[in-house]
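Asker: With the input below, show me the fold.
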Amino acid sequence: MFRLGAVALFTALTSLAPAVHAQTLKMASISYEAYQPSTVENATPGGPASDRSIRVARAELAYPLFFNDGATMLLPSLRYHYIDMGSRNATPENATKLPFDGLHAAMLNVAVMQRVTKWWSLIGSPGIGFASDTSGGPTGDDLVLSASLISLFEVTPTLTLGAGAAVNYRPGNTMVFPLLPFDWQPTTKVAIQGMLPMAISARYRLLEPLTVALEGSLEYERYNVDPEKFGAHRAHIQSTALKGGPALIIHLSRMIHLHPYGGLATGRKLEYFLDGESAEHVTLRGGWYGGLELWFGTSGYRADMQ
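Answerer: Residues are numbered from 1 along each chain as shown. I've put the predicted structure just below:
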């Protein structure tokens, strides 16, 4: 039968944004992030700057279902996030650089986990969703299809390693990337976990109700935007950013956890693709960020799942 640790390991694969706690099964969660106001770095030379005050809201639901005496598991999940990129002092020169105020994305996944042997499991996950600024109404170009496959090995009782790949399809673009999950918990208080190249964390349980951590993640998403704003037949914007810093996890109970976090984020790169070709990019300056998450689910520590 699957242990909850193995179940939780795969939830990061189906997340819209990389989950830092890749081994944490979140059956319900909400979070909110705020970033230091950013200036459009490649605005019109000599013109006034356009500042963006980025805010990110996320929500997700997931629930594991077991079959075949626990050897097979289904994990349906629904995730949504919204990036508020409202301009604080937009000017005509800079409004054309970022002609939208928000980006939406949602994904419905059904992960299938099959235990092959005591130490080896195969996991696959198809998904369907959308990613768009929604300004032009729903279109077929908003569509996002995904599929991932991973092989997971429990090397020792304290170390789990995996390898696999994921495919994301959007009209006009297909992306394939590797997935390398790992979970090392040499003691009941230490956990080093991640889903490379998307996320990594190192955690130490200072007290029974309190964990301190260092977290890092790569954020990537590609959105359909209204092509009429760019004089094109099809337009997408690709958002990429690196961030990392300290965090706390307050274990309010065995299944309820509060997660304040923060740190520094690199400049967020927004690259435009018009009719399938890279056209230009806009970089928002990096700076501090902070967030708060509340989730219902496992803590991520193997000791809590036994």
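
Asker: Name the surrounding residues that touch the helix or strand that contains Met27.
Answerer: Element membership for Met27 (DSSP states H and E) is strand 26-35. Strand 26-35 is contacted from outside by 11, 19, 53-63, 259, 265, 287-297, using CB atoms under 8 Å, 6 or more residues apart in numbering. No exception for glycine: its C-beta is placed from N, CA and C like everyone else's.

Asker: what stretches of this structure score poorly on pLDDT?
Answerer: 1-23, 39-51, 86-100, 305-306 (pLDDT under 70).

Asker: Tell me where it has helices.
Answerer: Taking DSSP state H as the criterion, the chain carries its helices at 4-9, 92-95, 302-305.

Asker: Sitting in strands, which of the contacts of strand 26-35 do you find?
Answerer: 55-62, 259, 265, 287-297 (DSSP state E).

Asker: Contact partners for the closest residue to Ser148 other than its chain neighbours?
Answerer: Nearest non-adjacent residue to Ser148, counting by CB to CB, 6 or more residues apart in numbering: Ala166, 3.8 Å away. Each residue near Ala166 by CB under 8 Å, 6+ apart is listed here: 13, 146-149, 176-177, 179.

Asker: how does it look with 6 Å?
Answerer: 148, 177, 179 (CB atoms under 6 Å, 6 or more residues apart in numbering).

Asker: if I look at the spatially closest residue to the second one that is not a sequence neighbour, how far off is Asn109?
Answerer: Leaving aside its chain neighbours, Phe177 sits nearest to Ala166 (5.9 Å; criterion: CB to CB, 6+ apart). Noted for Ala166: a distance of 11 Å to Asn109, by CB to CB, to the nearest Å.

Asker: And for Ser253?
Answerer: As judged by CB to CB, Ser253 and Asn109 stand 27 Å apart.

Asker: and what of Gly129?
Answerer: Look at Gly129 and Asn109: by CB to CB, they are 8 Å apart.

Asker: Which one of these two is surrounded by more residues?
Answerer: For Gly129 and Asn109, the more surrounded residue by other CB atoms under 10 Å is Asn109, and the numbers stand at 24 against 18.

Asker: right, and that one touches Ser125 too?
Answerer: Yes - with contact defined as CB atoms under 6 Å, Asn109 and Ser125 form a contacting pair (5.3 Å).

Asker: Would you pull up how far stretch 257-271 lies from the middle of the chain?
Answerer: Per CA atoms, centre = their mean, to the nearest Å, the displacement of stretch 257-271 from the mean C-alpha position of its chain is 11 Å.

Asker: Over to stretch 257-274?
Answerer: Relative to its parent chain, stretch 257-274 has a centroid offset of 10 Å by CA atoms, centre = their mean.

Asker: how about the CA coordinates for that stretch, as PDB?
Answerer: The C-alpha trace of stretch 257-274 is given here as PDB (Å, rounded to 0.1, in the frame of the first residue of the first chain):
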ATOM      1  CA  HIS A 257      -0.300  24.300   8.800                       C
ATOM      2  CA  LEU A 258       0.400  28.000   8.500                       C
ATOM      3  CA  HIS A 259       3.400  28.900   6.200                       C
ATOM      4  CA  PRO A 260       4.800  32.500   6.300                       C
ATOM      5  CA  TYR A 261       7.700  32.900   3.800                       C
ATOM      6  CA  GLY A 262       9.700  35.500   2.000                       C
ATOM      7  CA  GLY A 263      13.100  36.400   0.500                       C
ATOM      8  CA  LEU A 264      14.500  37.800  -2.700                       C
ATOM      9  CA  ALA A 265      13.200  37.300  -6.300                       C
ATOM     10  CA  THR A 266      15.200  37.800  -9.400                       C
ATOM     11  CA  GLY A 267      14.000  40.100 -12.200                       C
ATOM     12  CA  ARG A 268      10.800  38.600 -13.600                       C
ATOM     13  CA  LYS A 269      11.300  38.100 -17.400                       C
ATOM     14  CA  LEU A 270       8.200  38.500 -19.500                       C
ATOM     15  CA  GLU A 271       8.800  37.400 -23.100                       C
ATOM     16  CA  TYR A 272       6.400  38.000 -25.900                       C
ATOM     17  CA  PHE A 273       5.700  35.500 -28.700                       C
ATOM     18  CA  LEU A 274       3.800  36.800 -31.700                       C
END
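
Asker: list the buried ones in it?
Answerer: The neighbour-count check on stretch 257-274 (16 or more other CB atoms under 10 Å) flags 257, 259, 261-263, 265-268, 270-274 as buried.

Asker: next one: stretch 299-306
Answerer: Applying 16+ other CB under 10 Å to stretch 299-306 flags 299-302, 305 as buried.

Asker: ditto for stretch 147-167
Answerer: Residues 148, 150, 152, 154, 160, 162, 164, 166 are the ones in stretch 147-167 that count as buried (16+ other CB under 10 Å).
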